[in-house]
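Peer 1: What shape does this take:
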Amino acid sequence: MKIICVCGLGMGSSLILRMNVEEVLVEAGVKADVEHSDTSSARFEKCDYIVTTPDLKNSLEGSIGVIVVSANIVDKEEIKRALVEGGIIS
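Peer 2: Alright, predicted model coming up:
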């Protein structure tokens, strides 16, 4: 499974989101290749899931991966909720 964590520029916020997604996945016992990217690049990159924030969801419509939205990139419980809701973990 490939997951891309996305923010506007693909640097700070997406890296923080990526690290937190990886921690939540490890806790859930789920293996995945997790990367981070900017919105423009992520739209055309082949992946299973894109994890992003509510303000970028519309920019990613039509992407190859399923879009999963987390309202907070640092709150691991919120990220876990989003990953459960998105079908990545159970």
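Peer 1: which element is the residue nearest the centre of the chain on?
Peer 2: Note on the chain: the residue nearest the mean C-alpha position is residue 51, at 1.9 Å, using CA atoms, centre = their mean. Residue 51 is part of strand 49-52, with elements assigned from DSSP states H and E.
Peer 1: by contact count, what packs against that strand?
Peer 2: When contacts are defined as 3 or more CB pairs under 8 Å, 6 or more residues apart in numbering; DSSP states H and E, strand 49-52 packs onto strand 2-7, helix 12-28, strand 66-69, helix 76-85. Any C-beta I mention is one placed from the backbone N, CA and C, and that applies to glycine too.
Peer 1: any idea how far the closest residue to residue 82 other than its chain neighbours is from residue 30?
Peer 2: Nearest residue to residue 82, sequence neighbours excluded (CB to CB, 6 or more residues apart in numbering): residue 70, at 3.9 Å. The gap separating residue 70 from residue 30 is 16 Å, by CB to CB, to the nearest Å.
Peer 1: What residues does residue 72 make contact with?
Peer 2: 78-79 (CB atoms under 8 Å, 6 or more residues apart in numbering).
Peer 1: shift numbering so it begins at 461
Peer 2: OK, 461 is where the count begins now, so the last one is residue 532.
Peer 1: any idea how far it is from residue 485?
Peer 2: Distance from residue 532 to residue 485, by CB to CB: 17 Å.
Peer 1: before we move on, what about residue 518?
Peer 2: Taken as CB to CB, the span from residue 518 to residue 485 is 26 Å.
Peer 1: What of residue 511?
Peer 2: 11 Å.
Peer 1: what's the overlap in contacts for these two?
Peer 2: Common neighbours of residue 511 and residue 485 (CB under 8 Å, 6+ apart) are residue 543.
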